[in-house]
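In: I need the structure of the sequence given here:
(2 chains)
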Amino acid sequence: MSSCLICGQELPFRNVASFVVMSSSQLERRSEGIREALSEFRNIVIDDDHDDLTLSHSGSKHTATKTKMDILLCWVLTLQHADGRTNLGGQSSAENSGSPTCGFFRFHLLDSMATLPIVQYEEKIIETIERNPVVVVIGETGSGKSTQLSQMLYRRGYADSARIVVTQPRRVAAVTVARRVAQELGVQLGEEVGYAIRFEDRTSHRTRIKYLTDGVLLRESLVNPELNEYSVVILDEAHERSLNTDILMGLMKRLAKIRTSNLKVLITSATLDGNKVSNFFRDCPVLTIPGKLYPVEILYSKERPSSYLESSLKTAIDIHVREPEGDVLIFMTGQVRVFNPPPPSCRRIIVATNIAETSLTVDGVVYVIDSGYVKQRQYNPSTGMYSLDIVQISKVQANQRAGRAGRTRPGKCYRLYPSQVYNDEFLDVTVPEIQRSSLAGSVLYLKSLDLPDIDILKFDFLDPPSSESLQDALKQLYLIDAIDENGAITSIGQKMAELPLEPSLSRTLMEANDYGCIPEALTVAAMLSAETTLLPARSKTEKKRKHPEPNLPDGFGLGDHIQLLQIFECWDQTDYDIGWCKDNGLQVRGMLFVRDVRKQLSQIMQKIAKGPLDIRSSRRRGESRQDYRNLRKALCVGYANQLAERKMHHNGYRTLGFQGQVVQVHPSSVLKADDLGKFPDYVVYHELIATPRPYMRNVCSVEMRWVVPVINKLKTLDVYKLSGGTGPVEEETERNVPDLPKKIVEVTAGVDDSESRIQAARERFLARKGKK
DNA sequence: GAGCACTGC
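Out: Numbering: from 1, shown residues only, chains lettered A, B, ... in the order given. Okay, the predicted model is just below:
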């Protein structure tokens, strides 16, 4: 029997319950479907009209605040009835006699460990730190490094003259760890111990230990590159290799050299990665602190299964039949619903993505089933396209997953692949994010630091990105005027770097400032910053509808950016009415985020802009027949690196700037064709996504004469010069040299090509003009 | 005429 984790009351579960684990944001996205599914059960009341989410069962009521960061929610989607029939959401429950079956669970992100192994090592740790400017700490799961390292240093007086700062890759972690440390020290959160995440700074002048996300520390070092405010910088969870932490590691290496006398740097990492990080930091010492994990027996498959879903289910049932009690956690690559045949007794089976690797701890898990795969987003710098690929996990990830089985008692991990695959095929560590992302933003950031001793192409990365990727970033930055032809940052670029946006959007804002359409541009940038504001498409019955909500504005057919602007303006006119969002199929959480981002961007723009800015959303700005000319012009300048030209005789497009990728407008776009059925000759796109077919997602119509300067600029592009080649090739850049000739050839070809493209476009333009 | 791993400023 299961009991509610909040009230302890026994829930009327019988037999197997399948769970889908999701983060609170996913929950928000899916709450619509879940409410529908649960409405089939009697006695279940869900009320999420407000920011709180209330769920009642068997007469008692539970409330959780959605925005509260220390809990994640997990919903039961499928349950087994006592009589053996499965009641699935969406099916009629009229003839079901079983009790209502629904649970509301709450998982703490951190376990409370009575005795932390790290405590015994305090003397050794302090001694090592005292003697060395940089120390790598290998702390296995449950060692307490995130909470204890900062406190040890605090006790030893390291926070007397300056603060101790600890970075985390995730907001939740920054908040929960800070809260825990404040508790342990018996102080009010925000006083001696505080945290800083985007939109929320809970620190004061009294704060001695500060937790923050790695992104926030990067922003801070933009203002104060020497980070003089801090005496100790701890980069936690560095083995996760987040883009920001990787950049911080490079910066810390330099800073440790400059501030030798008064800065300590601690890097925490995984076993397999420790020596590499130590080598990077000039062979700094490595301290290994054992974790508090129970042994986990690893079992391999003889061969790889043909179906991972089937195989993991079979394994789960196998465990269920043969093994003693304990919950099962299955790592898959996507959200799947699992409908099981009825086994004899009760056990939880949790199906999760890699969210359970880091963000989520589920108590009671004893068995882990690991598919060996993960879904990963990757960027291809030669095409400018993103793709979402299912790839093999690394050894570090596999061990992380296995570790989830040993948190409460000895466990077992079933790997659905042979040991030979683990040993020979799996990479030791996860490919760092820096090697699979577009680097335009990061390169601009590094350039804006204007550190005399830093050259981007020679920047000391733990794992350097490919020179192709760096050159792609430089090319993009050049096209949007953030750097000049010699690769030096421009005054525009300097301002752009201050905005927490991707470069295209910050450039758009700069240009909009000159064209007098800053309120509109702020809105567009904020809307595009939110993952998704529209709710996912409804269930099958409504599948036929072309767009999720016909009542929403359509961007006048000019494109998705315009539609996003209009949507926000409509909401603005209702004074940010939550009900309006719901009626129009918009995610409340997403829209509130947009409002916050817009406010933040406005404040930064006020600082950057020369004169005072009117950033009020244009409620009634007069013009009845707006064609959003200025805004689209600004977008064209900002997205000079993301332009596409329609192909001569059909509605396919070819991207400019890259090697002429042929792409289509994403079917979800509101871009309209003209009377002849043709799309506009030129569009800007927000993103290229290589699903089986390559699509442009979020496009906006622009005019040829705005594009011409960009095409001219493409002609002058010289990647070699951009790469900062102020002089002849130096020894240290040699690793980039082999790639260079190839790039130059490609670029030259692109220039020739653009010539003919201009010609073609001109012809089309004249032909159309003649017709009218 | 489509398909969504996970973060973050």
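In: so which helix or strand takes in A:Ile562?
Out: Per DSSP states H and E: A:Ile562 is located in helix A:560-573.
In: average model confidence for that helix?
Out: Across helix A:560-573, the average pLDDT comes to 93.
In: So which bits of that helix are buried?
Out: Using 16 or more other Cβ atoms under 10 Å as the test for burial, helix A:560-573 gives A:560-569, A:571-572. For glycine as for every other residue, the C-beta is placed from the backbone atoms N, C-alpha and C.
In: want to throw those residues into a markdown table with distance to A:Gly677?
Out: Below are the buried residues of helix A:560-573 laid out as a markdown table (distance: Cβ to Cβ, whole Å):
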| residue | distance to A:Gly677 |
| --- | --- |
| A:Asp560 | 20 |
| A:His561 | 22 |
| A:Ile562 | 21 |
| A:Gln563 | 21 |
| A:Leu564 | 25 |
| A:Leu565 | 26 |
| A:Gln566 | 24 |
| A:Ile567 | 27 |
| A:Phe568 | 30 |
| A:Glu569 | 30 |
| A:Trp571 | 33 |
| A:Asp572 | 35 |
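In: Chain neighbours aside, what residue packs nearest to the residue nearest the centre of chain A?
Out: Central residue of chain A (Cα atoms, centre = their mean): A:Glu531, 9.0 Å from the mean position. Nearest residue to A:Glu531 in three dimensions, chain neighbours excluded: A:Gly590, at 6.9 Å (Cβ to Cβ, 6 or more residues apart in numbering).
In: Next secondary structure after the host helix or strand of that neighbour?
Out: Assigned by DSSP H and E, A:Gly590 belongs to helix A:588-608. Toward the C-terminus, helix A:588-608 is succeeded by helix A:629-638 as the next helix or strand (DSSP H and E).
In: Give the buried residues for the following helix or strand past that next one.
Out: Per DSSP H and E, the first helix or strand lying C-terminal to helix A:629-638 is strand A:643-646. By neighbour count on 16+ other Cβ under 10 Å, the buried set for strand A:643-646 is A:643-646.
In: Of those residues, which is the nearest to DNA strand B?
Out: DNA strand B has its nearest neighbour among the buried residues of strand A:643-646 in A:Arg646, at 14.5 Å by Cβ to the nearest atom of the strand.
In: now the helix holding A:Gly590 and helix A:560-573, what's the angle there?
Out: Put simply, helix A:588-608 runs at 100 degrees to helix A:560-573, going by axes from the mean of the first three to the mean of the last three Cα atoms, to 10 degrees.
In: in stretch A:628-646, what counts as buried?
Out: Neighbour-count burial for stretch A:628-646, with 16+ other Cβ under 10 Å as criterion, is recorded at A:628, A:630-646.
In: Residue numbers of the stretch 151-300 of chain A in contact with DNA strand B?
Out: Residues of the stretch 151-300 of chain A lying close to DNA strand B (Cβ under 7 Å from any atom of the strand) are A:169-172, A:197-198, A:213, A:215-216, A:219, A:242.
In: Kindly recompute the last result at 6 Å.
Out: Residues of the stretch 151-300 of chain A lying close to DNA strand B by Cβ under 6 Å from any atom of the strand are A:170-172, A:197-198, A:213, A:215-216, A:219.
In: Could you check how far the residue nearest to A:Asn380 when sequence neighbours are not counted is from A:Tyr695?
Out: Take A:Asn380 and drop its neighbours on the chain: the residue closest to it by Cβ to Cβ, 6+ apart is A:Ser387, 7.0 Å away. Remark: distance between A:Ser387 and A:Tyr695 (Cβ to Cβ, to the nearest Å) = 11 Å.
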